[in-house]
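# coordinates for the following, if possible.
(chains A, B, C and D)
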There are 2 protein chains.
Amino acid sequence: MAKRAYGPYRVSILDIAARAGVSPSTVSRVFNNPDLVQADTRAAVLSIANKSGYRPNASARTLRTQRSRVLGIVLPTLENPVFAECLQGIASATAAQSYTIMPFTTDYKVESEEEAVERLLAFGVEGMLLVVSDADSSAALQRLRAADLPYVLIYNRHEKHPCVSVADDEAMQEIVGGLVRLGHRRIGMVCGRLGASDRAQRRCTGFQKAARQANLDSVTILEVPFMDTAISEISAILHRHDRPTALVCSNDLIAIRAMRAAHECQFSVPQDLSITGFDGIRIGSDLAPRLSTVAQPNSKMGSEAVDWLVRSVEQGRLPDARDSLILPYAIQWTESSAPPSPTLNQ
Amino acid sequence: MAKRAYGPYRVSILDIAARAGVSPSTVSRVFNNPDLVQADTRAAVLSIANKSGYRPNASARTLRTQRSRVLGIVLPTLENPVFAECLQGIASATAAQSYTIMPFTTDYKVESEEEAVERLLAFGVEGMLLVVSDADSSAALQRLRAADLPYVLIYNRHEKHPCVSVADDEAMQEIVGGLVRLGHRRIGMVCGRLGASDRAQRRCTGFQKAARQANLDSVTILEVPFMDTAISEISAILHRHDRPTALVCSNDLIAIRAMRAAHECQFSVPQDLSITGFDGIRIGSDLAPRLSTVAQPNSKMGSEAVDWLVRSVEQGRLPDARDSLILPYAIQWTESSAPPSPTLNQ
DNA sequence: CTGAAAGCGCTAACAC
DNA sequence: GTGTTAGCGCTTTCAG
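Model prediction:
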């Protein structure tokens, strides 16, 4: 039993081999190719291994086989449930395939993205799953390309990169279209920091396009870079006399804050103001009123990305951008949206 | 440049040494003990290393040094923001200390806890942070003890284990006390699956104790094992003619569903029904009405646990249960709680 | 200040 | 069916 310089004892394959009276290779085979080993020796080795709490050392195995079975994960923040739900999907899928994950959060900072990728590369991950701020300009992705490491983006969409996403521009247009059909003519959009996320940008563009098509009476776009001040900034808009009758938000977290802002302005949702979100975080459907939103299959986006990445890794090739997955979204028209009250829409 | 059996090229220390015309040891020193290397050779090596995108191979380094700088994380689910927020705290703190994390979720299943611990042990993590279902009976913790690996529990509380938590029994009593002082005499408690979490149990016990002390007129305890059915089960209680005037929930997610249930029963919160939560998830304070709750410093609990664990690891000793941290909680009396309306409290 | 050599724990040819 | 051997990439004495 080898004693480490400090800390816990760890049993090595040599210890097990010695105790079982076999060679290390036999022990190794028991764990990697059980069939190649006689049933009784296998049983003996296994029993001793279990008794000693032996598990093959992953670092040594990785070094030897050049396979770590570890995937690197890079995402903005777990404070937004959309990413937490996605990571949960990733975690479940990887565990099911006997892979392990190593997550980093970037707080939407590109330097952190690069740092994370660098660390993960050093670690010898076999592939990465990323949610980056801006796929088009990402240095982290260039590095990944240069390193020839398989990766898949989630929530991002880009021609040149393998992505798992939903058609959010389209979804956004559908949302606006729905509101217009309900009778809304003054619609505002509230987005997160546009510079920090190509998603927010795309959704915003989708909104503008739909607004133009519908030839709306009034279109306001409000960028709320920080969640802390979101409520008061939204309230400000609601105090204007020509305030919108509907507020389209670039994500659910903002939409929830918009509901709060409405409440503080003594407006009731949806009678005085319709509100829609984007993402489909779990809690949205338990609110009162339920949040109308574009529900993305967050957990599934994670697990699909895992499946694709693992497949690529095991086949020794890079995921192809042309195989990018656009998963279906589901617009949930629920209680936070309704026709504008007649007096409001003049 | 060594070509892997499949997949990406990776540059090794030998490549760098050769290109720089020095020995591998020198390159190694540049990365680990820069001071031991002459300034100009150091610069030369560094420049070549950067140009080639070289990063020391973590597996090899771990194998050699017996230090992985990886911490294992085991928690129930990221679908509950309380754990997502905590993991975010863990992620930030570990990144700041140049450690990496390897998280596993258990969905409250003890077998998954054991499996996760086993995998992490094999991996050679230097320590673990866990949120287990029941610290007292956990086989995973026994295994950790046997392996002599440093670990810290979060949210769990136990005499024999190093824990970072808040005094939730006390907090629970304070919540009930507060409601009683507001005038509530019929108070109900809604808990998650008690068998799945010693926290839920402790909070429930705290509630019962406080209820007894206050000699309440009516005490209902409702266990809602699954979130999917929570709303309807809570509604059922609210339909009773002697329904509680206040509902104390064992966590915020349940409290949000209780608010929903109240809404569906046409009760307004807090006029017809007061509701309190537990955990202090971020969203709670942006709801309308804001959720009254016991706010735990979730992110900080994670980072404190990291700091403690890392300190222990680096000093080569196990965290001592007697040093367990009980962080302060903050009861937020906000909009979801108020005195009962006079007609209700007969 | 730098190089040579050994070895961390494991697996995969290759022998037998 | 099993053992022997070499070596994955790195760090670390030990020499010089």
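
# minimum distance to DNA strand D, which residue of the stretch 201-346 of chain A gives it?
At 16.2 Å from DNA strand D, A:G316 is the closest residue in the stretch 201-346 of chain A, using CB to the nearest atom of the strand. For the C-beta atoms, the positions are set from N, CA and C on the backbone; glycine is no exception.

# and for the stretch 101-250 of chain A?
A:A122 (8.2 Å).

# and the strand or helix carrying that residue, what does it pack against?
Using DSSP states H and E, A:A122 falls within helix A:110-123. Under the contact criterion of 3 or more CB pairs under 8 Å, 6 or more residues apart in numbering or on different chains; DSSP states H and E, helix A:110-123 touches strand A:70-75, strand A:100-105, strand A:127-130, helix A:139-147, helix B:58-65.

# which of the ones you listed sits closest to A:P297?
strand A:127-130 (15.5 Å; CB to CB).

# any residue of that closest one touching chain B?
No - for strand A:127-130, no contact with chain B is found by CB under 8 Å from any CB of the partner chain; the gap never falls below 9.1 Å.

# low-scoring stretches of chain A, by residue?
Scanning chain A for pLDDT under 70 picks out A:1-9, A:343-346.

# what are the boundaries of the strands in it?
Applying DSSP state E to chain A gives strands spanning A:70-75, A:100-105, A:127-130, A:151-154, A:163-166, A:186-191, A:218-223, A:246-249, A:274-279, A:292-295, A:325-327, A:330-332.

# tell me which residues in the last one are buried?
Right, strand A:330-332. Neighbour counts over strand A:330-332 (16 or more other CB atoms under 10 Å in any protein chain shown) mark A:331-332 as buried.

# so what are the sheet partners of that strand and their directions?
As defined by DSSP bridges, the strand partners of strand A:330-332 come to strand A:292-295 (antiparallel).

# does A:I90 touch A:K300 like I think?
No - counting by CB atoms under 8 Å, A:I90 stays clear of A:K300, with 10.6 Å between them.

# between those two, tell me which one has more neighbours.
Between A:I90 and A:K300, counted using other CB atoms under 10 Å in any protein chain shown, A:I90 has the larger neighbour count: 28 against 16.

# now that one: closest residue in space that isn't a chain neighbour?
Closest residue to A:I90 apart from its sequence neighbours, by CB to CB, 6 or more residues apart in numbering or on different chains: A:G302 at 3.9 Å.

# the one you found and A:Y155: what is the separation?
To A:Y155, A:G302 is 10 Å away according to CB to CB, to the nearest Å.

# which neighbours do these two have in common?
Each of A:C86 lies in contact with both A:G302 and A:Y155 under the rule CB atoms under 8 Å, 6 or more residues apart in numbering or on different chains.

# looking at the stretch 101-250 of chain A, which residue is nearest DNA strand C?
Going by CB to the nearest atom of the strand, DNA strand C is nearest to A:G124 of the stretch 101-250 of chain A, at 12.8 Å.

# how many other residues sit next to that residue?
By other CB under 10 Å, 22 other residues sit near A:G124.

# for A:N156, give me its contacts.
The contact partners of A:N156, by CB under 8 Å, 6+ apart, come to A:130-132, A:135, A:163, A:165, A:198-199.

# would you mind listing what in the stretch 51-200 of chain A touches DNA strand C?
Contact residues, the stretch 51-200 of chain A versus DNA strand C (CB under 7 Å from any atom of the strand): A:56-57, A:60-61, A:63-65.

# for A:H158, which non-adjacent residue is closest in space?
Closest to A:H158 by CB to CB, 6+ apart is A:A135, at 4.0 Å.

# how about A:Y108?
With sequence-adjacent residues excluded and distances taken as CB to CB, 6+ apart, A:Y108 is closest to A:A196, at 4.1 Å.

# measure the one you found to A:N251 for me?
Taken as CB to CB, the span from A:A196 to A:N251 is 12 Å.

# between these two, who's got more neighbours?
Comparing A:A196 with A:N251 by other CB under 10 Å, the one with more neighbours is A:N251, at 23 against 18.

# just the helices in chain A please.
Secondary structure of chain A (DSSP state H): helices at A:13-20, A:24-32, A:39-52, A:58-65, A:81-96, A:110-123, A:139-147, A:168-182, A:198-214, A:227-238, A:252-264, A:298-314.

# just the buried positions in the fourth one, please.
Going back to what we said before, that points to helix A:58-65. Applying 16+ other CB under 10 Å to helix A:58-65 flags A:58-63 as buried.

# the last one now?
For helix A:298-314, the neighbour count (16+ other CB under 10 Å) marks A:298-310, A:312-313 as buried.

# what about the residue nearest to A:V176 when sequence neighbours are not counted, how many neighbours?
Distances taken as CB to CB, 6+ apart put A:A210 closest to A:V176, at 3.6 Å, once the chain neighbours are dropped. Neighbour count of A:A210, defined by other CB under 10 Å: 25.

# with A:L238 instead?
With other CB under 10 Å as criterion, A:L238 counts 19.

# so who does the closest residue to it other than its chain neighbours touch?
Leaving aside its sequence neighbours, A:L238 sits nearest to A:C265 (CB to CB, 6+ apart; 4.6 Å). A:C265 makes contact with A:235, A:238-239 under the criterion CB under 8 Å, 6+ apart.

# in contact with the residue nearest to A:H158, which residues?
So A:A135 contacts A:141, A:153, A:156-158, A:161, A:163, A:198 (CB under 8 Å, 6+ apart).

# give me that answer again for 6 Å
A:A135 makes contact with A:153, A:156, A:158, A:161, according to CB atoms under 6 Å, 6 or more residues apart in numbering or on different chains.

# which residues of the stretch 201-346 of chain A lie near chain B?
Within the stretch 201-346 of chain A, the residues that sit near chain B (CB under 6 Å from any CB of the partner chain) are A:256-257, A:259-260, A:263, A:286, A:288, A:316.

# go with 10 Å
Within the stretch 201-346 of chain A, the positions near chain B by CB under 10 Å from any CB of the partner chain are A:227, A:230-231, A:252-253, A:256-264, A:268-269, A:281-290, A:298-299, A:312-318, A:335.

# ok, of those, which come out buried?
The neighbour count (16+ other CB under 10 Å) marks A:230-231, A:252-253, A:256-263, A:269, A:281-284, A:286-290, A:298-299, A:312-313, A:318, A:335 as buried among those.

# is A:P244 in contact with A:S274, as I believe?
Yes - counting by CB atoms under 10 Å, A:P244 touches A:S274, with 8.9 Å between them.
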